[in-house]
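Visitor: what's the 3D shape of this:
(one chain, ligands or ions: 1)
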Amino acid sequence: HIVVVGSLNLDLIVEVDRLPDQGETVLGKKAHMLPGGKGANQAVAARRLGAEVSLIGAVGRDAFGARLLEALRTEGIDTEGVKVVPDEGSGLAFITLAERDNRIIVVPGANARLTPDDVDRQAALFRAADVVLVQLEIPLEAVEKAVELARRSGVRVILNPAPARPLPATLLRAVDVLTPNRLELRVVNDLPPPAVEAPEEEASAALEAGVRALLARGVSSVVVTLGAEGAAYAIRDAHGNPGGLHRVPAVRVPVRDTTGAGDAFNGALAVALAEGRPLGEAVRMANRAAAIKVTRFGAQAGMPTRAELERWQE
Ligand code: ADP
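Guide: Numbers count the residues shown, from 1 in each chain. As a prediction, this is how the structure comes out:
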């Protein structure tokens with residue numbers, strides 16, 4: 001059983017040839033209204049791979065919220081822990097997809113109203129969980145409560161620090177697996193974003209230093225997603241010393257839509273760990289699930305099933 005604590009958003013997606021300049025209007029090619037939000041996406045990813053999944057979160061009392069809940073229930077996800085906020089709209093994400101340029105604005109709405117008490121009310125779910133999976137599209141106090149409840153129940157916690165923000169040491173020490181992408185790795189370490197076209201050795205050195213810094217601050221293990229380069233992971237050893245960085249190359253696939261790739265990765269990682277797999281094997285499984293996702297359109301719609309994942313196993 002996996003408990004996901006996180007956001008639900010309605011994704012308003014526009015496919016365009018190029019983004020407008022300031023004051024300019026361009027015609028989009030196609031628009032879509034699809035269920036999204038990192039919490040909901042990761043819940044769907046885990047559910048399709050065969051886990052029992054409960055989601056804790058918040059939506060507004062509006063047609064969007066009803067639609068988001070409906071999509072999750074259709075997947076077979078337990079949404080009892082999703083509260084409906086009467087005086088706030090559901091979370092919205094405005095996404096423009098241009099060639100190799102994917103930009104997102106999120107308006108949190110009801111997601112910002114998830115409180116530590118809301119999470120605490122679901123304490124029974126934590127006691128029955130194998131893995132708890134959390135992101136940062138909800139208030140930090142709610143994240144901290146989720147991590148605390150997981151700890152208290154002896155359940156492993158994966159924190160996907162997205163969207164990135166600096167994180168308190170107390171939180172980091174309570175996390176078993178932190179899963180930043182390259183940019184988030186810098187931000188959680190309180191560093192400026194990396195130079196876009198940093199030379200390979202520089203990027204690689206920054207990656208190693210960032211991971212080592214997090215392990216030194218008390219995180220048990222770090223998994224960095226590297227987009228088309230795959231992923232890398234490192235584990236603190238029994239003496240608390242940082243272990244070496246292991247690279248897992250990406251599966252080579254034709255890319256259709258990378259929205260939700262990180263969510264596919266995190267959902268799959270949670271399932272693999274809940275099944276008792278060692279971290280390295282879990283990362284390889286997550287890397288494959290995310291590769292399948294990028295070949296297909298839509299965050300939730302593109303998540304692979306267990307059967308699809310197994311078919312991809314070379
Ligand atoms: P995020 O979407 O959170 O920024 P990444 O871009 O790092 O995350 O992608 C998450 C994961 O998705 C990667 O670790 C990798 O497994 C997979 N992935 C992303 N882009 C590609 C790609 N072009 N080819 C194959 N796999 C990819």
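Visitor: The spatially most central residue of the chain and P192, how far apart?
Guide: Nearest to the geometric centre of the chain sits D263, at 4.0 Å (C-alpha atoms, centre = their mean). For D263, the distance to P192 equals 26 Å [C-beta to C-beta, to the nearest Å]. Any C-beta I mention is one placed from the backbone N, CA and C, and that applies to glycine too.
Visitor: for the residue of the stretch 201-314 of the chain found nearest the ligand, phi and psi?
Guide: Distances between the stretch 201-314 of the chain and the ligand by C-beta to the nearest ligand atom are smallest at G262, namely 2.2 Å. Main-chain dihedrals, G262, degrees, to the nearest 10: phi -60, psi -30.
Visitor: How about the one 5 residues further on?
Guide: Listed backbone geometry of G267 is phi -60, psi -40, with angles given as degrees, to the nearest 10.
Visitor: Distance check, it against E75.
Guide: The value you get for G267 to E75, if C-beta to C-beta is used, is 11 Å.
Visitor: and K145, that's in a strand?
Guide: No - K145 is assigned helix when assessed by DSSP: H, G, I helix; E, B strand; the rest coil, not a strand.
Visitor: quick one, what contacts the closest residue to it other than its chain neighbours?
Guide: Closest residue in space to K145, ignoring its immediate chain neighbours: P116 at 3.8 Å, by C-beta to C-beta, 6 or more residues apart in numbering. P116 makes contact with E141, A142, E144, K145, according to C-beta atoms under 8 Å, 6 or more residues apart in numbering.
Visitor: I'd guessed the last one sits against D120; true?
Guide: Yes - using C-beta atoms under 8 Å, K145 and D120 qualify as a contacting pair, with a distance of 6.1 Å.
Visitor: For those two, work out which one has more neighbours and name it.
Guide: K145 (24 against 14; other C-beta atoms under 10 Å).
Visitor: what about the residue of the stretch 201-314 of the chain closest to the ligand, neighbour count?
Guide: G262 - counted by other C-beta under 10 Å - has 26 other residues nearby.
Visitor: Looks like it contacts P161 (just checking).
Guide: No - between G262 and P161 there is no contact under C-beta under 8 Å: 10.7 Å.
Visitor: which neighbours do those two share?
Guide: Joint contacts of G262 and P161 (C-beta under 8 Å, 6+ apart) are T179.
Visitor: Would you mind listing what in the protein touches the ligand?
Guide: 162, 181, 225-228, 230-231, 250-251, 253, 255, 258, 261-262, 265, 287, 290-291, 294 (C-beta under 6 Å from any ligand atom).
Visitor: Any of those buried? List them.
Guide: Buried by 16 or more other C-beta atoms under 10 Å: 162, 181, 225-226, 230-231, 250-251, 253, 258, 261-262, 265, 287, 290-291, 294, out of the residues of the chain next to the ligand.
Visitor: what is the mean pLDDT for stretch 283-297?
Guide: Averaging pLDDT along stretch 283-297 gives 96.
Visitor: then stretch 121-131 to PDB, C-alphas only?
Guide: Taking C-alpha atoms only, stretch 121-131 is exported to PDB below (Å, rounded to 0.1, in the frame of the first residue of the first chain):
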ATOM      1  CA  ARG A 121      -6.700  12.800  10.300                       C
ATOM      2  CA  GLN A 122      -5.400  10.200   7.900                       C
ATOM      3  CA  ALA A 123      -2.900   8.700  10.400                       C
ATOM      4  CA  ALA A 124      -4.500   5.200  10.000                       C
ATOM      5  CA  LEU A 125      -3.400   5.200   6.300                       C
ATOM      6  CA  PHE A 126       0.200   5.800   7.300                       C
ATOM      7  CA  ARG A 127       0.100   2.900   9.800                       C
ATOM      8  CA  ALA A 128      -1.000   0.600   6.900                       C
ATOM      9  CA  ALA A 129       1.500   1.900   4.300                       C
ATOM     10  CA  ASP A 130       4.600   0.300   2.900                       C
ATOM     11  CA  VAL A 131       5.900   3.600   1.400                       C
END
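Visitor: in it, what's buried?
Guide: Buried residues in stretch 121-131, counting neighbours by 16+ other C-beta under 10 Å, are found at Q122, L125, F126, A129, D130, V131.
Visitor: So which of the residues you listed is the closest to the ligand?
Guide: Using C-beta to the nearest ligand atom, the shortest approach to the ligand within the buried residues of stretch 121-131 belongs to V131, at 18.5 Å.
Visitor: which residues in the stretch 201-314 of the chain form strands?
Guide: Taking DSSP state E, counting those that start in this stretch to define them, one finds strands in the stretch 201-314 of the chain at 221-225, 231-235, 246-248.
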